[in-house]
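# give me a 3D structure for the following:
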Amino acid sequence: MGVRVGVDVGGTFTDLVAIGPRGLVVAKVPSTPDAPERGIWDAYDAAGLESGSAEALIHGTTIATNALLERKGARVVLVTTEGFEDLLELRRQDRAALYDLSRHHPPPLVPRDRVVGVRERMGPDGVVRALSDEAVAAAVGRVRALEPEAVALSLLFAFRHPEHETRLAAALRAALDVPVIVSHELVPRVREYERTSTVAAEAFLRPRAGSYVARFARDAGARGLSGGAARVLASNGGALRPELAAERAVWLALSGPAGGIQGAALAGAASGCTDLLTLDMGGTSADAGVVRGGEADMRTHGTIAGVPLAVPHIFIETVSAGGGSIGWLDSGGALRVGPESAGAVPGPACYGTGGTRPAVTDAFVALGWIPDGALLGGSIRVSRGLAEGAVGALAASAGLEPAACALGMIRIAEATMARALRRVSVERGLDPGAMTLVAFGGAGPLSGCALAELLGVRRVLFPPHAGALSALGMAAADDVVEEAVSVHLSAAEFAVRAPAFAAPLAARVAEQLPGAAVRYVAECRYVRQGYELDVPCGEGTWERVARDFHDVHQRAFGHQDPKGEIQVVALRAVGTLSGGARQVRWPRRSSMGASSRLTIRLEGGEVDASGADWDGLHDGKVLPGPAVVEGRSATALIPPGWVGRVNRIGAILVEPGDARPD
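Model prediction:
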């Protein structure tokens, strides 16, 4: 069995997990914001991995996410059907916030003065206005004059009739030495706004993301990893080969958070929990997600950094509430937390690396939840004195006691995270009380029980190596490729014609991922509905799509319409090559770890708490709260009234109740 490596580059730390004959090897090093790829190899060396020893190295990157957030991408020209040049500005004609007239949508990635309209028109049945040679030449000339770094091409009804797009793309590629992104090649789907927005985002991201991925693959080769070893995690939780990732930059928009959901699903399944709420609290942000029946909830449409994207991705809600989130006072003197983060440089004040403003991590340290002198990431030893100084300065400005200010910062961050967890659960008809909350990331286990109380959750799981769980999910990821086609047929017509759609999709998947196992998903809806649900289907089961859709609708929304007419909007083929999930050897210990006593502050004042070393906890160990558990990658807090029990994989399952320590 070879070694599989996952590397998650976060805002504060870069985490690495290696799965192999030695079990799980974990390394955590400070991120290098000026050159993110350098942190990958710093972690690789810190883990003691030999050059060329990995059969797969799967990297989760924030390069696409940050480019969208910061609006730092290529200069894009959009080419579209004449009369539809304002599409990105008009959006869906909805408000940014229904009851807040002062809120505005983020500006489009392509401004109106870089949109070129072409005299042509396709309708659902074919040509409405033919595309002339003169129109092609005029469009190419106008695009060239705008000096683009990338071109996005999205014509009306190109997902069904791509002939005009094909001609224009050939002319643009012949005339310009820049990427030309074509809608029917990238996202052959109905809904012209989402399709056009996705193509524009791909053009915006591809030069920067492609260059980054190429450097990653080059560095992997220089380290002795074979050409097929390097991978990049996609937003759907699957791994992509670099050459494919470079051509699907929009698929990387949730690359890092997707690994966390996959890691949580692994830890949950190994602990006997398959219906999960997940909360990854890292250094800069917190990510909430849902796992049902052991599988992460997926979407084919969503908005990331204010940009609608029609690509498959794990459903994740991200908020600015990480350990590095800065505490501050607004103009009215109210205490606020985030969205600004201390990041890796200068970092929270307690790191002693130049930061002076109080971050949430400083609040944890000032209250004793992270003990003074604790070693974070294997290299940063925290200082309670520095944390208290930073929090104390903010407390003085706010007229608060330092402990009250620290607790206030933490509770504000927790309220922000609770809203994200409600959005992925309660607002979608899911009962958090019937699920297990998996709290991970470097800071997640410190707030897990408080979040559970806010949501009515009765069981919380702190997984082993909680601070590096995203990297574990990456190391265990399958290689995944997806292809789609719009069909727009009744369920009865689809049952007859499905094989004709499925065969070309399977061929395209096989070309990109030889040897992959292929499964099919039909995107279905009741006629006149504005959204679709995924229905698994395949050879010999095409005719069951209608019946299965009723069941899926019942589970999703609590009702169905047995007499309703069903429409199949699209068919997806998902190709998968098995990754390292079956190779995970979770830590098992039978020896007694060291214990200690310490004093921490909670709402009621100072309390005595037990301290434990996470790496020394044995199967069956009972940890009644209050208790602080220190690990190499994360620290956990078990508050009064909660009891933790260590299971066979080294995870701590925490529930309300009373118990004596073993």
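
# Leu24 belongs to a strand, doesn't it?
Yes. The assignment for Leu24 is a strand, going by DSSP: H, G, I helix; E, B strand; the rest coil.

# wait, it touches Asp615, no?
No. Using CB atoms under 8 Å, Leu24 is not in contact with Asp615, being 11.5 Å away. From N, CA and C alone the C-beta is placed, and that goes for glycine too.

# next up, the contacts around the residue nearest to Ile326 when sequence neighbours are not counted.
Leaving aside its sequence neighbours, Ile326 sits nearest to Glu340 (CB to CB, 6 or more residues apart in numbering; 4.7 Å). Counting by CB atoms under 8 Å, 6 or more residues apart in numbering, Glu340 touches 325-326, 328.

# return the subset of those lying in helices.
With DSSP state H as the criterion, helices contain none of these.

# can you pick the most crowded of those residues?
Counting neighbours by other CB atoms under 10 Å, Ser325 comes out on top of the contacts of Glu340 with 32 neighbours.

# tell me the pLDDT of the closest residue to Ala270 other than its chain neighbours.
Excluding the flanking residues, the one nearest Ala270 by CB to CB, 6+ apart is Ile649, at 4.9 Å. pLDDT recorded at Ile649 is 89.

# now swap in the one 10 residues further on and tell me
On the pLDDT scale, Ala659 is placed at 58.

# one more: Ser591?
55.

# got it, and Pro587?
68.

# ok, now Val527?
pLDDT, Val527: 91.

# which phi and psi does it have?
phi -60, psi 130 (degrees, to the nearest 10).

# okay, now the residue nearest to it when sequence neighbours are not counted: neighbour count?
Nearest residue to Val527, sequence neighbours excluded (CB to CB, 6+ apart): Glu565, at 4.5 Å. Look at Glu565: counted by other CB under 10 Å, it has 13 neighbours.

# may I have the phi/psi pair for Glu565?
phi -80, psi 130.

# for it, give its distance to Ala492.
Counting by CB to CB, to the nearest Å, the gap from Glu565 to Ala492 is 10 Å.

# same thing with Gly282?
Counting by CB to CB - Gly282 and Ala492 are separated by 48 Å.

# what about Asp8, how many residues nearby?
37.

# and Gly227, what's its pLDDT?
On pLDDT, Gly227 comes in at 63.

# same deal with Gly377?
So, for Gly377, pLDDT stands at 67.

# now render the contacts of Glu340 as a markdown table, adding pLDDT.
Shown next, in a markdown table, are the contacts of Glu340 (pLDDT from 0 to 100):
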| residue | pLDDT |
| --- | --- |
| Ser325 | 91 |
| Ile326 | 93 |
| Trp328 | 94 |
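
# hey, what's the closest residue to Arg585 other than its chain neighbours bridged with?
Leaving aside its sequence neighbours, Arg585 sits nearest to Gly23 (CB to CB, 6+ apart; 4.6 Å). Here Gly23 shows beta-bridge partners Gly20, assigned using DSSP bridges.

# I figured Gly23 hits Gln583, correct?
No. Applying CB under 8 Å, one finds Gly23 not in contact with Gln583, separated by 10.1 Å.

# of these two, who's got more company?
Gln583 (16 against 13).

# residues contacting the closest residue to the more buried one other than its chain neighbours?
Leaving aside its sequence neighbours, Gln583 sits nearest to Ile19 (CB to CB, 6+ apart; 5.2 Å). Residues in contact with Ile19, defined by CB under 8 Å, 6+ apart, are 3-6, 472, 475-476, 580, 583-585.

# how many neighbours does Leu98 have?
Applying other CB under 10 Å, we find 8 residues neighbouring Leu98.

# tell me the pLDDT at it?
80.

# likewise for Trp41?
On the pLDDT scale, Trp41 gets 89.

# regarding it, what is its secondary structure?
helix.

# neighbours of it, how many?
20.

# roughly how far is the helix or strand Leu266 falls within from the heart of the chain?
Using DSSP states H and E, the element containing Leu266 is helix 255-270. Chain-centre distance of helix 255-270: 10 Å, with CA atoms, centre = their mean, to the nearest Å.

# can you give me the buried ones in it?
For helix 255-270, a neighbour-count test (16 or more other CB atoms under 10 Å) marks 255-268, 270 as buried.

# likewise for stretch 367-376?
367-372, 374, 376.

# cool, stretch 640-650 as well?
So for stretch 640-650, counting by 16+ other CB under 10 Å, buried means 642-647, 649-650.

# got it, and stretch 508-516?
Buried residues in stretch 508-516 (16+ other CB under 10 Å): 508-509, 512-513, 516.

# pick the one among those residues closest to Arg195.
Arg508 (18.4 Å; CB to CB).

# secondary structure element for Val509?
Assigned by DSSP H and E, Val509 falls in helix 491-512.

# extract the C-alpha set from that helix and format it as CSV.
These are the backbone C-alpha positions of helix 491-512, laid out as CSV (Å, rounded to 0.1, in the frame of the first residue of the first chain):
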residue,chain,number,x,y,z
ALA,A,491,-39.9,11.3,-17.4
ALA,A,492,-41.6,8.9,-19.8
GLU,A,493,-39.7,10.2,-22.8
PHE,A,494,-36.5,10.2,-20.8
ALA,A,495,-36.9,6.5,-20.0
VAL,A,496,-36.9,5.7,-23.7
ARG,A,497,-34.2,8.1,-24.8
ALA,A,498,-31.8,8.0,-21.8
PRO,A,499,-29.3,5.5,-23.3
ALA,A,500,-28.7,7.8,-26.2
PHE,A,501,-27.8,10.6,-23.8
ALA,A,502,-25.8,8.4,-21.4
ALA,A,503,-23.5,6.8,-23.9
PRO,A,504,-21.7,10.0,-25.0
LEU,A,505,-21.4,11.2,-21.4
ALA,A,506,-19.8,7.9,-20.4
ALA,A,507,-17.4,8.2,-23.3
ARG,A,508,-16.3,11.7,-22.2
VAL,A,509,-15.8,10.5,-18.7
ALA,A,510,-13.7,7.5,-19.8
GLU,A,511,-11.6,9.8,-21.9
GLN,A,512,-10.8,12.0,-18.9
